[in-house]
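Chemist: can't give you the sequence, but here's the structure:
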């Protein structure tokens, strides 16, 4: 994600001209988004399973609702900021909007495996089809039906991307039943590198929120872009 956004900033504000429509960049972008959202589903499964051991079940739905709303509030802040600074192309329904809504919608399906795989693949197929359709307004952008010439710097509609999250939920249930790791690995103490990588994973939301301003400042300081 950081690599892609660095290339984007160099293209949008600098003199470097990356063509993001070429196959290589498209594959990189889709792979990055897919891995990110797959891990959202896995993490959601682990979090709810472990919370179930410490809290009454009736509070889990409330926990998911609050978490989803919190992420949606950050998503709306990004919408406002990008509308002010970018104008055209601002974030209408980006990855944080999707994660916030998916966190709530995936809760009833948190314990399923085959069902989530089936629903996930169906939603992905339906979403791919919906993206071939066009609407006269932007009212259905969040669902996956956009107007002609619609453009946003960050666009992850509910369909097909909710399907990827559900595949992650299924994967989480297979790999971490009851929130515990199923596949045993070495118990050797983590080294400096693995600790730093784990730290990044534990603060992914914070990194997502602050990495672009930091990138822009660093690239501007190095004289690679003009703001």
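Modeler: Looks like it arrived, so ask away. Nothing here was measured: the structure is a model prediction, and the numbers come from that model.

Chemist: Which elements pack onto the longest helix along the chain?
Modeler: Longest among the helix segments of the chain by residue count, using DSSP state H, is helix 23-52. Packing partners of helix 23-52 (3 or more Cβ pairs under 8 Å, 6 or more residues apart in numbering; DSSP states H and E): helix 2-13, helix 60-85, helix 95-105, helix 158-175. No exception for glycine: its C-beta is placed from N, CA and C like everyone else's.

Chemist: how distant is it from the center of its chain?
Modeler: Distance, stretch centre to chain centre, for helix 23-52: 7 Å (Cα atoms, centre = their mean, to the nearest Å).

Chemist: same check, this time on stretch 139-157
Modeler: So, by Cα atoms, centre = their mean, the centroid of stretch 139-157 is 16 Å from its chain's centroid.

Chemist: Same question for stretch 73-91.
Modeler: 16 Å.

Chemist: Name the residues that touch that stretch?
Modeler: 92, 94, 96-97, 99-100, 151-155, 205, 209 (Cβ atoms under 8 Å, 6 or more residues apart in numbering).

Chemist: Mind doing that once more with 6 Å?
Modeler: The contact list for stretch 73-91, computed with Cβ atoms under 6 Å, 6 or more residues apart in numbering, reads 96, 97, 100, 151, 152, 153, 154.

Chemist: So which of these is the closest to residue 124?
Modeler: Among the contacts of stretch 73-91, residue 97 lies closest to residue 124 (Cβ to Cβ), at 18.1 Å.

Chemist: residues near the nearest residue to the closest one once chain neighbours are set aside, how many?
Modeler: The spatial neighbour of residue 97 that comes closest, neighbours along the chain excluded (Cβ to Cβ, 6 or more residues apart in numbering), is residue 75 at 4.3 Å. Look at residue 75: counted by other Cβ atoms under 10 Å, it has 21 neighbours.
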